[in-house]
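Novice: Pasted the sequence and its predicted model underneath.
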Amino acid sequence: MNAAVLSRRELLATGLQAMLSAVFAADSDDDGKPPARLGVPLYQKSLPFDWNALEPYMDGKTLRTHFEDYHARHLRDLQKTLDEVELAVSDVVSLMPSIRSLPQPPKTRQSLLQLGMAARAPGRSGPQLLPEDVQNRIRVCGGAHLNHTAFWRFLTPPDKSPMGPMGKVAKAIEDEFGTIQEFKDAFTEAAVNHEGPGWAWLVYRPDGKLVITTTRNEDNPLMKDFVAWQDHGRAVLLLDLWDHSYQAQYQDNRRKYIDAWWNVVNWSFVSKAHAIAKNVYGH
Ligand SMILES: [Fe+2]
């Protein structure tokens, strides 16, 4: 059973919340310290730096609007959607892999049946699924909240991070892409050439391979229903490609934005994300 789809009462009763969190925990990272869990709660954590701390690479006004308006609005919409269907979610990560097959919590199913609005899964007799419009809102708002939460974590003022990957993740990148510069060039090209809004990713796949990919709109590599299996996995790095993240400063010059963004990548967090991804997949 997917713990993300339990009602509030069931979630509390079964203790699956704790079990679910453990899935996203890891034992150690490159520094030998226990890495923090990479769960995504239903709130925004404040950024650990000032709005203008990423200048001149990312201007403070755009960053603040991005965080306080765009991200916050999608989080509110997600909270509203989950409240409507009475889904208790402690970690948004748990929703991503199976959006199309999230069962309806019992109480909501009952009320929707009474209203004659229940959504039925065509051709199957299993649990009744969430209505498609709810699935779609979870896809967009849940994806946006998760992606942005991750995006902020991978940013840092330029003087607070090494200027490139280190340790095990550096070796893994070199093994896969040749050199760090070749990796950065390939990532940049993928991001520049992505059409329309979306995200660029360095993904650690369940088979241990590192791949560069892009996703449309607010999709992410955890969404098994919407991304190809070759791109499924956990983020080791990601970049927002929506106009709202760069247009005010760089107009339509996405390449200039990406070239600037490399200066504020939190490479220490890249190491941590890589260590956690390895641990999640038992490598
Ligand atoms: Fe964004």
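Specialist: Structure's in. What do you need? Residues are numbered from 1 along each chain as shown.

Novice: care to break this structure down by domain?
Specialist: Using automatic domain parsing, the domain parsing of the chain gives 1-19+58-153, 158-283.

Novice: Now render those as TSV, adding mean pLDDT and mean neighbour count.
Specialist: Any C-beta I mention is one placed from the backbone N, CA and C, and that applies to glycine too. Output for the domains of the chain, formatted as TSV (pLDDT from 0 to 100; neighbours: other C-beta atoms under 10 Å):
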stretch	mean pLDDT	mean neighbour count
domain 1-19+58-153	79	17
domain 158-283	97	18
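
Novice: Work out for me the element the residue lying closest to residue 103 once chain neighbours are set aside sits within.
Specialist: With C-beta to C-beta, 6 or more residues apart in numbering as the criterion, residue 103 has its nearest non-adjacent residue at 3.6 Å, and that residue is residue 127. For residue 127, there is no helix or strand it lies in under DSSP states H and E.

Novice: how close does the residue nearest to residue 87 when sequence neighbours are not counted get to the ion?
Specialist: Excluding its sequence neighbours, the residue lying closest to residue 87 (C-beta to C-beta, 6+ apart) is residue 105, at 6.1 Å. Distance, residue 105 to the ion, by C-beta to the ion, to the nearest Å: 30 Å.

Novice: ok, residue 105 touching residue 83?
Specialist: No. Between residue 105 and residue 83 there is no contact under C-beta atoms under 8 Å: 11.5 Å.

Novice: Residues of this protein that sit close to the ion?
Specialist: Within the chain, the positions adjacent to the ion are 240, 242, 245 by C-beta under 5 Å from the ion.

Novice: Look up which residues are beta-bridged to the first one.
Specialist: Going by DSSP bridges, residue 240 is paired in beta bridges with residue 199.
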